[in-house]
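# fold the following, please.
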Amino acid sequence: MAAYQLIAPKGSFDQWPDGMKAEMVANAMCPVVGSTLVSETDQVRVWHLLIAAGTRCTFHRHVLNYFWTCHTHGRARGYYEDGSITETTHFPGDTKHMTYGTGEYLVHAVENIGSTDLLFTTVEFLHSANAPLPVPDGVRLKVAA
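Below is the predicted model of the structure:
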């Protein structure tokens, strides 16, 4: 498992960059948990998430059971709805499984604080305790005809 460190406890919004708390509020229901939804069946959604070095994915909400796998080496900073901040060192094959009960969820954003791009695959399980959030068409993989 990745090296994970809590660097700021709950309520540490004063340590967040300017404007980030407002961004969290604006995106608290965002169902886009990756850069591109590459596959979807009646059982799963498969996402790719690419976070270039020095950039961040915006806040989004996880309501479904899922796992992610990292494909690259790198460092990430996580910002969570409760104000906490974490830092994680990732490696290829690093994987984490998450499970949510009825009404449970996670709202967070991930910043790439390393010098290499971070690439993840996330697999959401549609038959979870919570109903899937609708995904906008604009994030679905477009295949050239």
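
# so how far is stretch 134-144 off the chain centroid?
Between the centre of stretch 134-144 and the centre of its chain there are 17 Å (Cα atoms, centre = their mean, to the nearest Å).

# which residues sit against that stretch?
Applying Cβ atoms under 8 Å, 6 or more residues apart in numbering, the external contacts of stretch 134-144 come out as 31-32, 34-40, 45. The way it works is simple: take the backbone N, C-alpha and C, and place the C-beta from them, glycine included.

# next one: stretch 65-76
By Cβ under 8 Å, 6+ apart, the residues outside stretch 65-76 that reach it are 2, 33, 49, 51, 53, 87-100, 110-125, 128-129.

# with only the CA atoms kept, save it in CSV.
Extracted as CSV, the C-alpha positions of stretch 65-76 are listed here (Å, rounded to 0.1, in the frame of the first residue of the first chain):
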residue,chain,number,x,y,z
ASN,A,65,-18.2,0.8,-3.9
TYR,A,66,-15.0,1.1,-6.0
PHE,A,67,-11.3,0.5,-6.3
TRP,A,68,-8.6,2.4,-7.9
THR,A,69,-5.2,1.3,-9.2
CYS,A,70,-2.3,3.6,-9.8
HIS,A,71,-0.1,2.9,-12.9
THR,A,72,2.7,5.4,-12.3
HIS,A,73,5.1,6.6,-9.5
GLY,A,74,4.2,9.9,-8.0
ARG,A,75,3.0,12.0,-5.1
ALA,A,76,-0.5,13.3,-4.4
